[in-house]
Structures are given as C-alpha cells and as structure tokens.
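Q: here is a sequence with its predicted model. Questions after.
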Amino acid sequence: MKILKCYFCKKDVPYDTKIYIRDECPFCKRDLHICLNCEFYDEGAYHQCREPQAEQVFDKEKANVCDFFSPLTDNRAESKKDEAKRRLEELFGKK
C-alpha cells in the first residue's frame, strides 16, 4: 500500500498500484491524477514540469491524461523555494 498526500486537503490517500485519471480523493472529492500531485511538477520548470517529453497541461488542478504522471512520494514537505532559502541560510548563515 502506498500513500499520496492530497494537494488540496493534505490528507493521506492510500492506493495500491497506481492513480488513475478518474480517481478522486475520498475526503475532499478532488481529482488525484493532477500535475500538483505529480513528482515531476515544478513551478520553476518549463511548463511547470520536469519531464521533458510531457505535453503542456494548462490546468494543473484538473485530471489529465499525462502518461508520465507519477504520484508524489515525498509529500512535498517543503516547497522548492523554502528548500532553497533554507539551504542558503545553512550555507551563509541566517541574517
């Protein structure tokens, strides 16, 4: 059993093998097969996706048919921006 943290309600959603396009969060009923729940989603990347072969998805909050979708496993504990800021503070010291 694997766990995906829903982007919208932040609750843990268990799943067996994969997340399908019609799967919804059992708690908030929002789509799960979305860019915001994918490990390749990155605000700073081209089309906000680190998978170079993926087609552009305009609505990151709606279910899509991307073949490269991979459920986010680290539950996005801290955003890329927060992580970068933390690393800089560790490197140069906090002011």
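A: Nice, I can see it.
Q: any idea which residue is closest to the centre of this protein?
A: Asn37 (3.1 Å; CA atoms, centre = their mean).
Q: phi and psi next, for it.
A: Asn37 adopts backbone torsions of phi -100, psi 10, taken as degrees, to the nearest 10.
Q: contacting residues for it?
A: Contacts for Asn37 (CB atoms under 8 Å, 6 or more residues apart in numbering) come out as 4, 6-7, 19, 71-72. Any C-beta I mention is one placed from the backbone N, CA and C, and that applies to glycine too.
Q: same check, this time on Arg22
A: 33, 63.
Q: what about 10 Å?
A: 31-33, 63 (CB atoms under 10 Å, 6 or more residues apart in numbering).
Q: what's the most distant pair in those residues?
A: Pairwise distances across the contacts of Arg22 peak at 7.8 Å for Leu32 and Ala63 (criterion: CB to CB).
Q: out of the two, which sits in the busier spot?
A: Neighbour comparison, Leu32 and Ala63: the larger count goes to Leu32, with 23 against 20 (by other CB atoms under 10 Å).
Q: for that one, give me the pLDDT.
A: We have a pLDDT of 97 for Leu32.
Q: still on that earlier bit, what residues are shared contacts of Leu32 and Ala63?
A: 19-24, 69.
Q: which among these end up buried?
A: For the shared contacts of Leu32 and Ala63, a burial check counting by 16 or more other CB atoms under 10 Å picks out 19, 23, 69.
Q: part of a helix, is Lys85?
A: Yes. Counting by DSSP: H, G, I helix; E, B strand; the rest coil, Lys85 is part of a helix.
Q: low-confidence ranges, the protein, go.
A: The model of the chain has pLDDT under 70 over residues 74-80, 95.
Q: show me where it has strands.
A: For the chain, the strands defined by DSSP state E cover 2-5, 12-15.
Q: my guess is Cys28 meets Glu61, correct?
A: No. Taking contacts as CB atoms under 10 Å, Cys28 lies outside contact range of Glu61: 11.9 Å.
Q: list the residues that contact both of the two?
A: The contact sets of Cys28 and Glu61 overlap at 7-8 (CB under 10 Å, 6+ apart).
Q: that's all I had, so thanks and see you.
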